[in-house]
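S.K.: let me see the structure of the following:
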Amino acid sequence: GKVIQKDILLTVQTMRALHSRRVPADRVDAELTVIFGEERTDRGLEHMRTARSVENRRRHKASVSGAVLDEQSVQWDEGLESGCREGELRIAEASMVLSRLARDDAARKGRRDARFVQNHAMADADVDGAQGLDKNFEKMA
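M.R.: Below is the predicted model:
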């Protein structure tokens, strides 16, 4: 609990220092690893890079929630039955319109993470395969 919170706080403070030094976002993980002497990532903390990004995220979430509540209010005024398919779809649409950029960003990050895992899995397989070959050569000798 407390150790993780302290680690997160230290990571965020370091991310902000890197941001103030104008370190590009795609270099932050590498810099964090160098600074802390162990593999470290800003994954999941990107929105905390600056005070402005925290505020922007808060504002965006509030606007999405507001759009959903506004649509619910319209539906109540129209007398639309709660839980009906049409109402659910309209509420989903109200949310999806405003959350499109966040969704696109999450998809982009997911694709990048998938490439990272695939590249590391192939590298690990190459190492395992090479070790397996070494063992087979030892048996043959």
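S.K.: helix, strand or coil for the most centrally placed residue in the chain?
M.R.: Centroid-nearest residue in the chain, with C-alpha atoms, centre = their mean: residue 44, separated by 4.4 Å. The three-state label given to residue 44 by DSSP: H, G, I helix; E, B strand; the rest coil is coil.
S.K.: show the contacting residues for it.
M.R.: Listed by C-beta atoms under 8 Å, 6 or more residues apart in numbering, the contact set of residue 44 is empty. All C-beta atoms are positioned from the backbone trio N, CA, C, and that covers glycine.
S.K.: now residue 1
M.R.: By C-beta under 8 Å, 6+ apart, no residues touch residue 1.
S.K.: can you list the low-confidence ranges for the chain?
M.R.: 123-141 (pLDDT under 70).
S.K.: quick one: the helices in it, in order.
M.R.: Here the chain has its helices, by DSSP state H, at 2-20, 28-36, 51-78, 85-140.
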